[in-house]
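Trainee: Sequence and predicted structure, then a few things I'm wondering about:
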Amino acid sequence: QVQVVESGGGLVQPGGSLGLSCAASGTFFSINAMGWYRQAPGKQRELVAAITSGGSTNYGDSVKGRFTISRDRAKNTVYLQMNSLKPEDTAVYYCNVEGSDLASYPSTKPYWGQGTQVTVSS
């Protein structure tokens, strides 16, 4: 059984900062990438940031220069540092893990967390 659990959401004022973390636990056979997506009301889920097992990163255009993704491979944990937050960053943030467990190997699949709410408002 694998689990993906996010933490760190909340309410922050515009211009403020917030950090999210996500821990993947259970019997992962491999993890290729970890990342963050977000979904605002009435909008599609979109990529925020992702990091591969090799350390390559990819960011959504709207967060480049403001958000930073990092990863602790030993702990199967990914972090998202969000700075200069804007009201339009308000969304539910979901952690995504691309990998395989003992049942799915060698095929990889996405594992999703439950999501954590980030609200940017004065």
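Mentor: Arrived safely, thanks for sending. Bear in mind that the values here come from a model prediction, so they are computed numbers and not experimental data.

Trainee: going forward, measure contacts between C-alpha atoms and count neighbours the same way
Mentor: Fine.

Trainee: Quickly note the distance from residue 57 to residue 27.
Mentor: For residue 57, the distance to residue 27 equals 25 Å [C-alpha to C-alpha, to the nearest Å].

Trainee: who has more neighbours, those two?
Mentor: When neighbours are counted by other C-alpha atoms under 10 Å, residue 57 comes out ahead of the other of residue 57 and residue 27, with 16 against 13.

Trainee: ok, now which ones touch the more buried one?
Mentor: Listed by C-alpha atoms under 8 Å, 6 or more residues apart in numbering, the contact set of residue 57 reads 49, 50, 51, 69.

Trainee: let's see 10 Å
Mentor: For residue 57, the contacting residues are 33, 34, 35, 49, 50, 51, 68, 69, 70, by C-alpha atoms under 10 Å, 6 or more residues apart in numbering.

Trainee: And for the second one, the neighbour number?
Mentor: Pointing back at residue 34 there. Here the neighbour count serves as a burial measure; for residue 34 (other C-alpha under 10 Å) it reads 29.
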